[in-house]
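Colleague: got a predicted structure plus its sequence, pasted below:
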Amino acid sequence: MKAEPVLSYRQQLTASLFKEVRVWRLSQPLAGSQHPFKYRLALVSGDQCVLRYDNERGKGDHKHLGDQEFALTFSSMSQLLIDFDRDIQRWREVHEQVDD
């Protein structure tokens, strides 16, 4: 299955927090997915992946939050990226202290 890179970047959010986005367009959907994308979107704190969106052959679209896994509904790549950024913001609100 041929994979064409679509997005690939790493964004440093703080000294110890970064997000990494990798998206490929496939010639056909992975088993378990209804769209032509393979993706891995990750939020890494220190050396630990704390949030990840991905799709695996046979497993379909899902996200990992800590050691829990949840199904995702894929409507478009742009919406998936918006949802990922929203989950990053929620994670940061819970896990980062704001200095006053």
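Modeller: Thanks, I have the structure now.
Colleague: do you know how far the residue minimising distance to the centre of the chain is from Q97?
Modeller: Centrality entry for the chain: nearest residue to the mean C-alpha point is L41, 2.4 Å, by Cα atoms, centre = their mean. Look at L41 and Q97: by Cβ to Cβ, to the nearest Å, they are 25 Å apart. Yep, even glycine has a C-beta here, placed from its N, CA and C like the rest.
Colleague: circling back to that earlier point, quickly find the element holding the residue nearest to the centre of the chain.
Modeller: Element membership for L41 (DSSP states H and E) is strand 37-45.
Colleague: tell me what Q48 is bridged to.
Modeller: S45 (DSSP bridges).
Colleague: over to K63?
Modeller: The residues paired with K63 through beta bridges, assigned by DSSP bridges, are Y53, F70.
Colleague: these two touch, right, it and F74?
Modeller: No - counting by Cβ atoms under 8 Å, F74 is not a contact partner of K63; they are 11.1 Å apart.
Colleague: adjacent strands (with direction) for the lengthiest strand in the chain?
Modeller: For the chain, the strand that runs over the most residues, judged by DSSP state E, is strand 3-14. Sheet pairing for strand 3-14, assigned by DSSP bridges, gives strand 17-26 (antiparallel).
Colleague: list the contacts of the partner strand.
Modeller: For strand 17-26, the surrounding residues in contact (Cβ atoms under 8 Å, 6 or more residues apart in numbering) are 1-13, 36-45, 77, 81, 84, 88, 92, 96.
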